[in-house]
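Novice: Next come a sequence and a model predicted from it.
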Amino acid sequence: MTVLPDDGLSLAAEFPDATHEQWQRLVEGVLRKSGKDVSGAAAEEALSTALEDGLSTRPLYTARDAVADVGHPGFAPFVRGGRAAGGAATGWDVRQRHATGDPARTNESILADLENGVTSLWLTLGPDALPVSGLERALDGVYLDLAPIVLDAGADVEPAARELLSLVEAAGVAKDAAHGNLGADPLAYEARTGTELGTDAAVDLARLCGREYGGLRALTVDALPYHEAGGSAAQELGASLATGVAYLRLLTGAGLTLQEACAQLEFRYAATADQFLTIAKLRAARRLWARVAEASGDVDAGAQRQHAVTSPVMMARRDPWVNMLRTTVACLSAGAGGADAVTVLPFDHSLGLPDAFARRIARNTSTILLEESHLARVIDPAGGSYYVERLTAELAHAAWDFFQEIERAGGQAAALRSGMLGDRLAATWAERGKKLAKRREPITGVSEFPNLAEKPVARESAPAGPTGGLPRVRRDEAYEALRARSDAHLVETGARPKVFLAALGPAAAHTARATFASNLFQAGGVEAVHDPVSVDAASAADAFRASGARVACLCSSDALYEQEAAAVAAALKSAGAERVFLAGRPGEFGDVDAYVFAGCDAVAVLTSTLDLMGVAP
């Protein structure tokens, strides 16, 4: 009888350690079965995934990928968190955004949020949002010593800040009991509008907060304008560093110490559904800001305070319910990455003003992760992961390089005004746009598994927001334009444009490619009409005539294509098909006009198809 060890930890002690090279050989065998004859490091590279900023994700990370000691939470370089306790005591600050222009309606939403789990408020003020004069009504019934207030007032920052401070005083709240951020951010305003904004208000408010309001910060370093203009993670971080450095120079030049100046800044970043990249971005941001503080003479001043916002760029307008899943992953990533405050944008954010249901789902996302998933009970739960630590370090280096590029261009303001920053962001987005067009970056419900029969979700229009500066992009924009063309055609004619799928042979031969083609065409609003019974050219032609379609797509296996594609394509042409596609890689198949396959430019295919059908742009 075999006697097992009684330490409970030695069950694998008798097994020899596998080597990295042995693992690579196993990978080689798997790849060889799929037709890739590669070996060694090349086999591992074949399974790697390219990211932006020249980074990549490898399939396996081991101890040899470990990075230098990243320290402990609350200590430089703050990779593991800016506070010693992290969020373990209370979780992150659940911060809800309010942008409604009606003060009474805003107040109703605010009170509902605060009664149901929200712990701080982010208020957008200005001509197109909540008026400064309506701030008192909007905050009626709010305990200003309990709920931190974060303002986002653009050019109205000084009157908005003064109004908030007067409300604090009128409520009898002690000055050191008021918490939040007054939201001065002249460079983000310039990025949004293209208009220079003076810095006197930011300096005056920083002095006032430092002198009298110990719980308030005066300035925000908002990186969302660069993320929303299509920037990569490293570009978002680099631009935020350049902005933060510009504000340090401004405040220390006005007489504040480095520590006092750093204490007046809160950084705002986007959290996306790319879980590991978001975690690494927030960790890298703290490391980078600690490096700035160290270079400025006081590394201990570099504990960055972070506000993470679920990405507006990732939010889809079609099948918006999927946004609930995206924001859940983004919120989880922000919490695991150590954000001090997290805003979950409602799933209908991209459609207009969110309704009460959407707001409830948004705030409950944090509540579930905090109270039921216990995500905040461990500080930096991703810390120690070979992959996360390596990605954090590599992203930090890429971001530092971009920051230095901005500094060489004269700093953040100069980079904005010269167009250098906008050009770099646009180039990054153009490359990403190619991946989106080819569905290499899938958008569930939009470019993958769209539902043409779903009724659109309508919402009241939201305030337009500032314009004139950097553009605001969306992942779904190319497909949204195509779907809008299809919608207009449906209204005008009573039917959507159609493509006939000629499924050849048994289900095993055509199902996979028929599903692929159906997804691709429906992503552009072209309804896929299936023919489950066509087995030869004549029956396929008859089914096509009955379908009402003007284009067709053959779907089957390569073997059946060799036997039947040419004859079926010719029959479809004779039946009136103006274009015949084939689902598969390009080959020689008679009268086939074009091919659709994984990695083809779906947007180009769909655009030309709608043009052919006379669907107006």
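Specialist: Sure, I can see it.

Novice: Can you tell me the centre-most residue of this structure?
Specialist: By C-alpha atoms, centre = their mean, the chain has its centre lying nearest to residue 272, at 3.2 Å.

Novice: okay, that one: pLDDT?
Specialist: pLDDT, residue 272: 98.

Novice: low pLDDT regions in the stretch 401-550 of the chain?
Specialist: Along the stretch 401-550 of the chain, segments meeting pLDDT under 70 span 531-535.

Novice: just the strands in it please.
Specialist: Secondary structure of the stretch 401-550 of the chain by DSSP state E, counting those that start in this stretch: the strands cover 498-503, 527-531.

Novice: May I see the buried residues of stretch 121-129?
Specialist: Within stretch 121-129, the residues scored as buried using 16 or more other C-beta atoms under 10 Å are 121, 122, 123, 124, 125, 126, 128, 129. In short, each C-beta sits where N, CA and C put it, glycine included.

Novice: Let me fix that, I meant to ask about stretch 470-490.
Specialist: Within stretch 470-490, the residues that count as buried by 16+ other C-beta under 10 Å are 470, 472-476, 478-480, 482-483, 485-486, 489-490.

Novice: quick one on the thing from earlier: mind checking which of the buried residues of stretch 121-129 are in strands?
Specialist: 121, 122, 123, 124 (DSSP state E).

Novice: I'd say the last one and residue 150 touch.
Specialist: No - counting by C-beta atoms under 8 Å, no contact exists between residue 124 and residue 150, whose distance comes to 9.9 Å.

Novice: Run through the bridge partners of the nearest residue to residue 594 once chain neighbours are set aside.
Specialist: Taking C-beta to C-beta, 6 or more residues apart in numbering, and ignoring the residues beside it in sequence, residue 594 has residue 581 as its nearest neighbour in space, at 5.2 Å. Residue 581 has the following beta-bridge partners by DSSP bridges: residue 553, residue 594.

Novice: Tell me how many other residues surround residue 581.
Specialist: By other C-beta atoms under 10 Å, 26 other residues sit near residue 581.

Novice: can you pull the contacts of it?
Specialist: With contacts defined as C-beta atoms under 8 Å, 6 or more residues apart in numbering, the neighbours of residue 581 are 499, 517, 551, 552, 553, 554, 592, 593, 594, 595, 596, 605.

Novice: rerun at 6 Å
Specialist: 553, 594, 596 (C-beta atoms under 6 Å, 6 or more residues apart in numbering).

Novice: what does residue 617 give?
Specialist: residue 485 are the contacts of residue 617 under C-beta under 6 Å, 6+ apart.

Novice: Distance of it relative to residue 551?
Specialist: Separation of residue 617 from residue 551 (C-beta to C-beta, to the nearest Å): 18 Å.

Novice: what's the answer for residue 307, then?
Specialist: 49 Å.

Novice: where does this protein dip in pLDDT?
Specialist: For the chain, the stretches flagged by pLDDT under 70 are 1-13, 531-535.

Novice: and residue 518, how many neighbours?
Specialist: When neighbours are counted by other C-beta under 10 Å, residue 518 comes out with 22.

Novice: The stretch 51-200 of the chain: strands as residue ranges?
Specialist: 56-57, 93-98, 120-124, 149-152, 180-184.

Novice: tell me the most buried of the ones you listed?
Specialist: Compared across the strands of the stretch 51-200 of the chain, strand 180-184 shows the largest average neighbour count, a mean of 28 (mean count of other C-beta atoms under 10 Å).

Novice: What I need now is the strands of the stretch 401-550 of the chain written out in a markdown table, including mean neighbour count for each item.
Specialist: Output for these, formatted as a markdown table (neighbours: other C-beta atoms under 10 Å):
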| stretch | mean neighbour count |
| --- | --- |
| strand 498-503 | 26 |
| strand 527-531 | 19 |
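
Novice: now those as a markdown table including distance to residue 90?
Specialist: Shown next, in a markdown table, are those (distance: least, C-beta to C-beta, whole Å):
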| stretch | distance to residue 90 |
| --- | --- |
| strand 498-503 | 55 |
| strand 527-531 | 51 |
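
Novice: so which of the contacts of residue 581 is the most crowded?
Specialist: residue 553 (31 neighbours).

Novice: can you pull the contacts of that one?
Specialist: Listed by C-beta under 6 Å, 6+ apart, the contact partners of residue 553 are 499, 501, 517, 581, 583.

Novice: again with residue 71
Specialist: For residue 71, the contacting residues are residue 77, by C-beta under 6 Å, 6+ apart.

Novice: Try it again at 7 Å.
Specialist: Neighbouring residues of residue 71 by C-beta atoms under 7 Å, 6 or more residues apart in numbering: 77, 79, 80.

Novice: Could you find the closest non-adjacent residue to the first one?
Specialist: The spatial neighbour of residue 77 that comes closest, neighbours along the chain excluded (C-beta to C-beta, 6+ apart), is residue 290 at 4.1 Å.

Novice: And that neighbour, how far from residue 74?
Specialist: 12 Å.

Novice: Looking at these two now, which is surrounded by more residues?
Specialist: A side-by-side neighbour count of residue 290 and residue 74, using other C-beta under 10 Å, places residue 290 first with 23 against 15.

Novice: element containing that one, please.
Specialist: helix 275-296 (DSSP states H and E).

Novice: Extract the C-alpha set from that helix and format it as PDB.
Specialist: Extracted in PDB, the C-alpha atoms of helix 275-296 (Å, rounded to 0.1, in the frame of the first residue of the first chain):
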ATOM      1  CA  GLN A 275      -8.900  43.000 -18.400                       C
ATOM      2  CA  PHE A 276      -5.200  42.500 -18.100                       C
ATOM      3  CA  LEU A 277      -4.300  45.600 -20.100                       C
ATOM      4  CA  THR A 278      -6.500  47.700 -17.800                       C
ATOM      5  CA  ILE A 279      -4.900  46.200 -14.700                       C
ATOM      6  CA  ALA A 280      -1.400  46.800 -16.000                       C
ATOM      7  CA  LYS A 281      -2.300  50.300 -17.100                       C
ATOM      8  CA  LEU A 282      -3.400  51.500 -13.700                       C
ATOM      9  CA  ARG A 283      -0.400  49.800 -12.000                       C
ATOM     10  CA  ALA A 284       2.000  51.300 -14.600                       C
ATOM     11  CA  ALA A 285       0.500  54.700 -14.100                       C
ATOM     12  CA  ARG A 286       1.300  54.700 -10.400                       C
ATOM     13  CA  ARG A 287       4.900  53.500 -11.200                       C
ATOM     14  CA  LEU A 288       5.400  56.300 -13.700                       C
ATOM     15  CA  TRP A 289       4.000  59.000 -11.500                       C
ATOM     16  CA  ALA A 290       6.300  57.800  -8.700                       C
ATOM     17  CA  ARG A 291       9.200  58.200 -11.200                       C
ATOM     18  CA  VAL A 292       8.200  61.700 -12.000                       C
ATOM     19  CA  ALA A 293       8.100  62.500  -8.200                       C
ATOM     20  CA  GLU A 294      11.400  60.900  -7.700                       C
ATOM     21  CA  ALA A 295      13.000  62.900 -10.500                       C
ATOM     22  CA  SER A 296      11.400  66.000  -9.000                       C
END
